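Visitor: can you look at this prediction? I've put the sequence above it.
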Amino acid sequence: MPSTFGRWLSRIVVMLLAAVGAAALIVASLLAAPVRNPPELKSIIAGARSVDRSDLPELERFQARDGTELAFRRYQPATNGDGRIAILVHGSAGNSANMHAVGKGLMAAGVRAVALDIRGHGRSGTRGDIGYVGQLEHDLADAIAFLKQSAPDARFTLVGHSAGGGFALRVAGGALGELFERYVLVAPYLGPFALTSRRQTGDAHWAEPNIPRIIALAALERIGISCCQSLPTLAFALPEEAALRATTRYSYRLMVNFASHWDYRSDLLAARRPIELISGGADELMDAGSYESAMQLPGRSVHTVVVPGINHMGVLADPAGITAIVGVVLSRS
């Protein structure tokens, strides 16, 4: 009969072997097949290019708390109106120029607007990566502090498109939630498990995730290990040459941060300010018809507007989409 010490030693050996096996599995997942960009999605690219950028404002910069210079574009009407400033957040792989038509529409309506190059995009920081999960919220707080230097009494609205809409919802339910008096989600991406996210095939195949790597990094994160989060985990349906000017891949930490939380409903329930949602009826990436039910929870209701006949990028370019966005920003409901 084995001794107590022998049983104890055997148990330790089994546990060590299990730990080694788990570590080997995680390492194998991290080194698994590299992230690959899906075939070019022409509707998204065409939509981004459809906006006339001949009068695009020059980039300006502010300094974030880590010393990085972050870029933005300013849309300044002839008068300051009622003191409202709309902060515009582009979608995945984009930059501030994608929000140009929205910025012009708001400016024409007398609303000051600021379109950001979110860190990891455009001229802000290292393309495709950030320093840590939560840095984007810190950057947003730093942008607000910078703008308040010249407009101390400003009232802020956050407008986010696609992934930027998911990020806006994350902000609404987080520590910065009360910095903004209103949130406008434009065709928001609410995560891979939301009813509103179409299956990633054909004309809806915009992003290709590296599932084994994501699972491995999420497992490490749950036990407090944040190593390797700079590894790419998500690639977008852009041509290879687009890497010279666009963000074609996201690191794990950028992918996680530039979005709602995994269960967007936790953000929605935690939000303390009004939220409005606008989408195009012909959106090829999101199921516009599902937004209304997806955004109705016990004790929480979100007003949803569907603009007929326009797609995912068209809502940022078509006059009907711009009118809807401007109308919601101006609303006092």
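Guide: Alright, I've got the coordinates.
Visitor: residue boundaries of the helices in this structure?
Guide: 4-30, 42-49, 100-108, 135-150, 163-172, 211-222, 252-257, 264-270, 291-294, 319-330 (DSSP state H).
Visitor: so for Val306, which of those helices sits nearest?
Guide: helix 291-294 (7.4 Å; C-beta to C-beta). C-beta here means a position set from N, CA and C on the backbone, and glycine is covered the same way.
Visitor: which elements pack onto the closest one?
Guide: With contacts defined as 3 or more C-beta pairs under 8 Å, 6 or more residues apart in numbering; DSSP states H and E, helix 291-294 has these neighbours: strand 303-307.
Visitor: shaky segments in this structure?
Guide: Applying pLDDT under 70 to the chain flags the ranges 1-33, 333.
Visitor: in stretch 38-58, which residues are buried?
Guide: For stretch 38-58, the neighbour count (16 or more other C-beta atoms under 10 Å) marks Leu41, Ser43, Ile44, Ile45, Gly47, Ala48, Val51, Pro57 as buried.
Visitor: residues in contact with the nearest residue to Leu185 once chain neighbours are set aside?
Guide: Distances taken as C-beta to C-beta, 6 or more residues apart in numbering place Gly165 nearest to Leu185, at 4.0 Å, with adjacent residues excluded. Counting by C-beta atoms under 8 Å, 6 or more residues apart in numbering, Gly165 makes contact with Val89, Gly91, Leu185, Val186, Ala187, Pro188, Tyr189, Leu277.
Visitor: mind checking which of the helices of the chain is nearest Arg36?
Guide: The nearest among the helices of the chain, by C-beta to C-beta, is helix 211-222 at 12.1 Å.
Visitor: to Asp117, which of the helices of the chain lies closest?
Guide: Taking C-beta to C-beta, helix 135-150 is the member of the helices of the chain nearest to Asp117, at 10.2 Å.
Visitor: packing partners for that closest one?
Guide: strand 60-63, strand 69-75, strand 84-89, strand 112-116, helix 163-172, helix 252-257.
Visitor: surely His90 and Gly164 touch.
Guide: Yes. Counting by C-beta atoms under 8 Å, His90 does reach Gly164; the two are 5.4 Å apart.
Visitor: any common contacting residues for these two?
Guide: With C-beta under 8 Å, 6+ apart as the test, His90 and Gly164 both reach Ile118.
Visitor: and these two? Which one has more around it.
Guide: Gly164 (29 against 26; other C-beta atoms under 10 Å).
Visitor: and for the more buried one, nearest residue in space, chain neighbours not counted?
Guide: Gly164 sits nearest to Val89 (C-beta to C-beta, 6+ apart), 3.5 Å away.
Visitor: list the contacts for the residue nearest to Gly281 when sequence neighbours are not counted?
Guide: Spatial nearest neighbour of Gly281, excluding adjacent residues (C-beta to C-beta, 6+ apart): Pro308 at 4.3 Å. The neighbourhood of Pro308, defined by C-beta under 8 Å, 6+ apart, consists of Gly281, Ala282, Ala320.
Visitor: for ChimeraX, what selects the buried ones among these?
Guide: Selection of buried members from the contacts of Pro308 for ChimeraX, criterion 16+ other C-beta under 10 Å:
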select :282
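Visitor: would you format the contacts of Pro308 as TSV with distance to Ile211 included?
Guide: Below are the contacts of Pro308 laid out as TSV (distance: C-beta to C-beta, whole Å):
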residue	distance to Ile211
Gly281	31
Ala282	29
Ala320	37
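Visitor: quick check, nearest of the contacts of Pro308 to Pro77?
Guide: Ala320 (21.7 Å).
Visitor: contact partners for the closest one?
Guide: Counted by C-beta under 8 Å, 6+ apart, Ala320 has contacts Val307, Pro308, Gly309, Ile310.
Visitor: which of these are buried?
Guide: If you count burial by 16+ other C-beta under 10 Å, the buried members of these come out as Val307, Ile310.
Visitor: just give the number of residues close to Ile223.
Guide: The criterion is other C-beta under 10 Å. On that basis, Ile223 has 6 neighbouring residues.
Visitor: let me fix that: Arg198
Guide: 18.
Visitor: show me what contacts it?
Guide: Contacts of Arg198 were listed using C-beta under 8 Å, 6+ apart, and they are Ala204, Glu284, Leu285, Met286, Asp287.
Visitor: how about it, nearest residue that isn't a chain neighbour?
Guide: Nearest one to Arg198, counting by C-beta to C-beta, 6+ apart, is Ala204 at 4.2 Å.
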